[in-house]
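Asks: Build the 3D model from these lines:
(chains A and B)
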Protein chains: 2
Amino acid sequence: MSKSEEGSVPADTREDIMEATFRALSEHGYSDLRMRDIGEEMEMTRQVIHYHYDGKQDLMSSFLEYIIDQYEGSVEVDGDAPPRKELEVRVHQCLFGPGFEEFSHWDRMKVYHELFTHAQNDAEHRAIFNEHYDRIRGSITEVIEDGIDRGVFRDTDPERAGQLITDIIHAARGRKLSLGHDDAPDQAWRSIDEFVVDSLLADGVEPGADGSDA
Amino acid sequence: MSKSEEGSVPADTREDIMEATFRALSEHGYSDLRMRDIGEEMEMTRQVIHYHYDGKQDLMSSFLEYIIDQYEGSVEVDGDAPPRKELEVRVHQCLFGPGFEEFSHWDRMKVYHELFTHAQNDAEHRAIFNEHYDRIRGSITEVIEDGIDRGVFRDTDPERAGQLITDIIHAARGRKLSLGHDDAPDQAWRSIDEFVVDSLLADGVEPGADGSDA
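Replies: Sure, this is the predicted structure:
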């Protein structure tokens, strides 16, 4: 068990270390990051990091969980809207994110996508991302299941439709970040709406007829 | 102008350097890669690299163009199949790729996705990827335009549909590589078929009625 898993890091200290890590990552990128770069972003001595974390790998895994928690927290909904509207709300939250105090959604997503690609070579990060993916895809899938139950959506594999939407969201963010396509998230929603949602609507259900304002 | 743009690198030498770069990248990853790592993969002295390339950035840009050429060369088709079938052929080529002699399609794609994410921070790589994206998306878009012209596909924005399919392909490859979802490319094709192609088929055109064997 790594030090950081023992729950021994006080919440304030963890927050300070995580935000310092975020600033250092934004500046140096993942692969060039050294523990001392993080220390330089902190007011506390960097011995605090070494006291709580077993080196870069341990710290990075905690950091990945931290930004995933932020992301998932920002897209949590306990909405009770009609399925089509509910789907739109959840997809929009994933695509456009919330504002954060110091850094934007896109600053966070830049680091998120860098770590995602790095998970090619890192079994621990891959496992964390897989659990995260299950939850995000699950959040989309459950709306589709609900729509099928209510007869608003046609009978289809909700898991596959949820995966498709999750993939489109991920690709659009990647295009915005890597290729500079600032309209990619907007395009993604229009495509999801035109192709996926439209195809999901059961025969005889007109857009808007499920009570949404589409 | 960088040395490598002057067309002064003999084809055999370029091939040797590029394949050595590929082996070194597969072993060390992009950010940790040093010129000497590439030299160690070559039979020639590594002075040859320094003679032809202005350092790591210049070499990496040439390498990116090299793997993109390989990828695009492998998905070139001059097919004349019915639009739906043609779309399937092109999407499959992008998703599953060809075999290469020494390394698999997925070894190449691993490096490709690493460089794609790195383009977040690299304007030159971003420009190369954007040109590449235009061509890949264009290859899908032209089939959709053809289908619309022939009345097989409904009237829609072919550019947006082409972008959507390109995004789904990219996301599926990323999931396979980063999350280990080996069935992601298969899922992607089934989703494209169920949602996008099905939605594209003009009213009254049954799957298969355009002459494809769907």
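
Asks: SS state for the residue in chain A positioned nearest to chain B?
Replies: Using C-beta to the nearest C-beta, A:S31 is the residue of chain A that sits closest to chain B, at 3.0 Å. To be clear about C-beta, it is placed using only N, CA and C from the backbone, and glycine gets the same treatment. With DSSP: H, G, I helix; E, B strand; the rest coil as the basis, the three-state label of A:S31 is coil.

Asks: So if we follow the domain assignment, how does chain A break up?
Replies: Domain assignment for chain A by automatic domain parsing gives A:1-62, A:75-209.

Asks: what element comes up after the longest helix along chain A heading to the C-terminus?
Replies: In chain A, assigned by DSSP state H, the helix with the most residues is helix A:123-149. The helix or strand immediately downstream of helix A:123-149 is helix A:158-179, counting by DSSP states H and E.

Asks: Can you give the contact residues for the following helix or strand past that next one?
Replies: Tracing the chain past helix A:158-179, the next element assigned as helix or strand by DSSP H and E is helix A:184-191. With contacts defined as C-beta atoms under 8 Å, 6 or more residues apart in numbering or on different chains, helix A:184-191 is touched by A:88, A:91-92, A:95-96, A:168-169, A:171-173, A:175-176, A:181, B:160-161, B:163-164, B:167.

Asks: For helix A:184-191, which residues meet the burial criterion?
Replies: Within helix A:184-191, the residues scored as buried using 16 or more other C-beta atoms under 10 Å in any protein chain shown are A:A184, A:P185, A:Q187, A:A188, A:W189, A:S191.

Asks: A:F195 contacts B:V197, correct?
Replies: No: contact criterion C-beta atoms under 8 Å: A:F195 and B:V197 do not qualify, at 9.5 Å.

Asks: And A:E86, what's its pLDDT?
Replies: At A:E86, the model reports a pLDDT of 89.

Asks: picking up where we left off before, tell me which of the domains of chain A is the most buried.
Replies: Highest mean neighbour count among those (mean count of other C-beta atoms under 10 Å in any protein chain shown): domain A:75-209, with a mean of 18.

Asks: from the middle of its chain, how far away would that one be?
Replies: Taking the mean of its C-alpha atoms, domain A:75-209 sits 9 Å from the chain's own mean (C-alpha atoms, centre = their mean, to the nearest Å).

Asks: ok so, going back, who are the packing partners of the longest helix of chain A?
Replies: Using 3 or more C-beta pairs under 8 Å, 6 or more residues apart in numbering or on different chains; DSSP states H and E, the elements in contact with helix A:123-149 are helix A:55-74, helix A:83-96, helix A:105-118, helix A:158-179, helix B:158-179.

Asks: Output those helices as TSV; include the columns distance to B:P83.
Replies: Listed next are the helices and strands packed on helix A:123-149 as TSV, based on distance: least, C-beta to C-beta, whole Å:
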stretch	distance to B:P83
helix A:55-74	39
helix A:83-96	29
helix A:105-118	34
helix A:158-179	22
helix B:158-179	11
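
Asks: closest one to A:N130 among those?
Replies: Nearest of these to A:N130, taken as C-beta to C-beta: helix B:158-179 at 5.4 Å.

Asks: returning to what we had before: which one is the residue of chain A closest to chain B nearest to, not counting chain neighbours?
Replies: Spatial nearest neighbour of A:S31, excluding adjacent residues (C-beta to C-beta, 6 or more residues apart in numbering or on different chains): B:S31 at 3.0 Å.

Asks: again, but for A:T45
Replies: Closest residue to A:T45 apart from its sequence neighbours, by C-beta to C-beta, 6+ apart: A:G39 at 7.5 Å.

Asks: Let's see the pLDDT reported for that neighbour.
Replies: Reported pLDDT for A:G39: 92.

Asks: got the contact list for it?
Replies: A:A20, A:T45, A:R46, A:I49.

Asks: swap the cut-off to 10 Å and go again
Replies: Shown in contact with A:G39 (C-beta atoms under 10 Å, 6 or more residues apart in numbering or on different chains): A:I17, A:A20, A:A24, A:T45, A:R46, A:Q47, A:V48, A:I49, A:H50.

Asks: Am I right that it is in a strand?
Replies: No: under three-state DSSP, A:G39 falls outside any strand and is assigned helix.

Asks: gap between the residue nearest the centre of chain A and A:I169?
Replies: Among the residues of chain A, the one closest to the centroid is A:Y71, at 4.7 Å (C-alpha atoms, centre = their mean). Note on A:Y71: its distance to A:I169, by C-beta to C-beta, to the nearest Å, is 11 Å.

Asks: which neighbours do those two share?
Replies: By C-beta under 10 Å, 6+ apart, A:Y71 and A:I169 have these common neighbours: A:Q93, A:C94, A:I136.

Asks: thought the last one was touching A:H170?
Replies: Yes: taking C-beta atoms under 10 Å as the definition, A:I136 is a contact partner of A:H170 at 9.1 Å.

Asks: Need the overlap of contacts for those two.
Replies: Joint contacts of A:I136 and A:H170 (C-beta under 10 Å, 6+ apart) are A:C94.
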